[in-house]
Every structure is written in structure tokens, then in C-alpha cells.
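Visitor: take a look and give me a structure for this.
(one chain, ligands or ions: 1)
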Amino acid sequence: MKVSIHILSSFILFLILLPFLKSWAVIPFISAILIDIDHYFYYAFTRKKLNFKNSYIFFNELRKNSKKSGAGILYILCIFHTYEFLFLIAIFSLFSEVFVLITLGVAFHLILDYIDFLTTKANYRKSKMFLHYFKIHKEERL
Ligand SMILES: [Zn+2]
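Guide: This next block holds a predicted model:
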């Protein structure tokens, strides 16, 4: 999903939470946006390049082109988009209210990504589990 849509929808979440959480509402807002930094980590790790702008361009081009091509599904591993990460921060939520708010933002982001996945025909997907990503053949990885 486009970053601009994540920012806009997370801002709406922020406005909904603001009367209840006051300034704490900024935590789910920020976490729902910053989770996508893992795309950069994936790009930097797999492409051995550190340019942030090129990472952004890479994923934008990938998204545009994948709708056109009829190639098979390829997978990427975005660590903050995995069930394991969600489970980990949910465990931390048992001990810290800040992590409850972070988990809320991350879960909100993942729901939006899932809606995006259902409504677009991108031929790449994020592996939902580390195990899945490391079990598939290398040819199935982007
Ligand atoms: Zn995402």
C-alpha cells in the first residue's frame, strides 16, 4: 500500500483515538507508519545498497509493474510485517502500555495491507512468517 494512504488512514485513526488517549494517540499513529521501514531493510539487505530513495523507487516500480506482468508470485520478507513480530510486541504489551499502543498501530497497518492485498493483483507478497520465507525455494524470493 502507498505510504501516503498509510499516513492518511493512520491520521484518521489518530483523530479517533485522540479524545480517549490524548497525546498518547501519537504512538499508534507513528508505529502504523514506521512499520514500513522494514521494506528499506529488505532492500538494503537483499540488494546490498543503502540508498533510501532508491529503495522507495524500487518498491514503487515493483508495485506498478507487477500489475502489468503475468509472472508468478514472488515473496519478500519484511520483518515487521510477520506474525512473529506481531506476537512478540503483543507479548511485550502484557508488561507495558506503550506496547499496547504500538501493537494497535502495527495491527491497524497490517489490516490495511491485507485489504490492499485483497484488492490489488500484485505478483509479489510479503511472507507472513519467517518460517514460510525460509522454507520456499530461492527462486520464489524476490
Ligand atoms: Zn506495510
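Visitor: so Phe29 touches Phe11, yeah?
Guide: Yes: counting by Cβ atoms under 8 Å, Phe29 touches Phe11, with 6.6 Å between them. No exception for glycine: its C-beta is placed from N, CA and C like everyone else's.
Visitor: neighbour count winner among these two?
Guide: Phe29 (22 against 13; other Cβ atoms under 10 Å).
Visitor: skipping adjacent residues, who's closest to that one in space?
Guide: Take Phe29 and drop its neighbours on the chain: the residue closest to it by Cβ to Cβ, 6 or more residues apart in numbering is Phe14, 4.0 Å away.
Visitor: separation between that neighbour and Leu8?
Guide: The gap separating Phe14 from Leu8 is 10 Å, by Cβ to Cβ, to the nearest Å.
Visitor: same check on Phe130?
Guide: Taken as Cβ to Cβ, the span from Phe130 to Leu8 is 30 Å.
Visitor: these two - which one has more neighbours?
Guide: Phe130 (14 against 11).
Visitor: buried ones in the lengthiest helix in the chain?
Guide: Secondary structure assigned by DSSP state H gives helix 97-119 as the longest helix of the chain. Using 16 or more other Cβ atoms under 10 Å as the test for burial, helix 97-119 gives 99-110, 112-113.
Visitor: ok, residues contacting the host helix or strand of the residue nearest to Phe29?
Guide: In the assignment (DSSP states H and E), Phe14 maps to helix 3-21. Residues outside helix 3-21 that contact it (Cβ atoms under 8 Å, 6 or more residues apart in numbering): 25-26, 28-29, 32-33, 36, 56, 101, 105, 108-109, 112.
Visitor: repeat for stretch 119-136
Guide: 62-63, 66-67, 69-79, 81-84, 113, 117, 141-142.
Visitor: touching the ion at all, that stretch?
Guide: No: Stretch 119-136 does not reach the ion (Cβ under 5 Å from the ion); its nearest approach is 7.3 Å.
Visitor: OK, contacts around the closest residue to the ion within the chain?
Guide: Among the residues of the chain, Asp113 lies nearest to the ion; the distance is 4.3 Å by Cβ to the ion. The contact partners of Asp113, by Cβ under 8 Å, 6+ apart, come to Met1, His81, Lys126.
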